[in-house]
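Peer 1: quick one, structure for this:
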Amino acid sequence: MADKEGFERFVSIQGHYNLIFREEEREMVPYCEEENIALTPYSALASGRLSRKSGESNTKRAKEDSYAKFKYDSTATADSAIISRVEEIADKYNVSMTEVSLAWLLTKVTSPVVGATKLHHIEGAVKAVELELSEEDILYLEEPYVPHPLAGVMAQNKKSDANAKHVWTTGDQKIKEG
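Peer 2: From the prediction side, this is the model:
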């Protein structure tokens, strides 16, 4: 479409992608590979869930981030198997769970968005670059994944949801017909 209309082509997309939410692998990742579009995933650590042991939810964010709860709480039971495996691999290499989770993501993309709010978050991200997971590690981390329902903007990006309450807004902008 862009070529046909003389528009600039997309060069990058920012998608929701991490070890416990891999829905981008179904359509977006193959499309981006085919069209040479960079994938820059956000929520690389699943709002902290991939950086701490299952059940360790005593952080301020875990308590107060309602959008993260919306994205991840409904699949917490299924996700706990993956989180446990991240912990096992971290113990195996004597590294943090953050390093393992980001090292896995770096086998898929080159530049994830890491929402660092503390120095040790940055340090963990830097160390992840140096951690080389084996093919067996990668398969072990990926094996328990089960498909997840879409959450957020993409889940509501359907004509049938046009009048539903959304997680996003257009503010005062009005969409013109025709």
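
Peer 1: low-scoring stretches of this structure, by residue?
Peer 2: 55-57, 59-71, 152-162, 164-178 (pLDDT under 70).

Peer 1: show me the helices in this protein, by range?
Peer 2: 2-5, 28-35, 60-64, 66-72, 76-93, 97-106, 119-130, 135-142 (DSSP state H).

Peer 1: and the ones you listed as TSV, adding distance to Tyr17 and mean neighbour count?
Peer 2: Placement of C-beta: from N, CA and C, glycine included. Below are the helices of the chain laid out as TSV (distance: least, C-beta to C-beta, whole Å; neighbours: other C-beta atoms under 10 Å):
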stretch	distance to Tyr17	mean neighbour count
helix 2-5	23	8
helix 28-35	8	14
helix 60-64	19	11
helix 66-72	12	15
helix 76-93	14	17
helix 97-106	7	24
helix 119-130	15	14
helix 135-142	13	14
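
Peer 1: and Leu50, which of those helices is closest to it?
Peer 2: helix 97-106 (3.9 Å; C-beta to C-beta).

Peer 1: tell me the angle that closest one makes with helix 76-93.
Peer 2: Here helix 97-106 runs at an angle of 100 degrees relative to helix 76-93 (axes from the mean of the first three to the mean of the last three C-alpha atoms, to 10 degrees).
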